[in-house]
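Provided below are the primary sequence and the corresponding predicted coordinates.
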Amino acid sequence: MSEPLLRVREIHTYYGDSYVLQGVSLELHEGRIVAILGRNGMGKTTLIRSVAGLTPPRRGDVIFKGRPLRDQPPYAIAQQGMAIVPQGRRIFRSLSVRENLLLPTSRLARPAAGAGARRTRWDLDGILEEFPQLAERIDHP
């Protein structure tokens, strides 16, 4: 099998003194669909936050696209393509579909400091290509 897109090895994450994740490991491969299941309070969100750098693990490794993410701030991890999509409909009801979609893409489409200009898959055209039903309501609230 190919090298995993994401490898989490023996991470240990705390909230203050509370030991929340104890030696969690997993591998995710490109093109595969994976579900993380468990009851409330079992560490699912903490795992995702640890991978994204929002609640960094104290021990263990998170490797994304072959690169270790340790000691990188969340914004640098996000620029590499790792992001959290919160559950729920976090939209501005007074804005159109187009305006809601353009809010985050306006930042994503800008190249990082020192990087050359490049088209991101998540500009408006890329989003509508991935989710064609949104195009039908693009100018509706």
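Yes, it's here. Residues are numbered from 1 along each chain as shown.

For the most centrally placed residue in the chain, which residues are in contact?
By Cα atoms, centre = their mean, the chain has its centre lying nearest to Ala83, at 1.5 Å. By Cβ atoms under 8 Å, 6 or more residues apart in numbering, the contact list for Ala83 reads Ala52. For glycine as for every other residue, the C-beta is placed from the backbone atoms N, C-alpha and C.

helix or strand for it, which one?
Assigned by DSSP states H and E, Ala83 falls within no helix or strand.

Arg7 too?
According to DSSP H and E, Arg7 maps onto strand 6-15.

Residues touching that strand, excluding its own?
With contacts defined as Cβ under 8 Å, 6+ apart, strand 6-15 is touched by 19-28, 46-47, 49-51, 55-64.

Sort out which of those residues are buried, if you could.
Applying 16 or more other Cβ atoms under 10 Å to the contacts of strand 6-15, the neighbour count classes 20-21, 24, 46-47, 49-51, 55-57, 60, 62-64 as buried.

ok, so of those residues, who is nearest Ser96?
For the buried ones among the contacts of strand 6-15, the closest approach to Ser96 (Cβ to Cβ) belongs to Arg49, at 31.2 Å.

For the closest residue to the closest one other than its chain neighbours, give me its contacts.
Leaving aside its chain neighbours, Arg49 sits nearest to Thr55 (4.1 Å; criterion: Cβ to Cβ, 6 or more residues apart in numbering). Counting by Cβ under 8 Å, 6+ apart, Thr55 touches Thr13, Tyr15, Thr46, Arg49.
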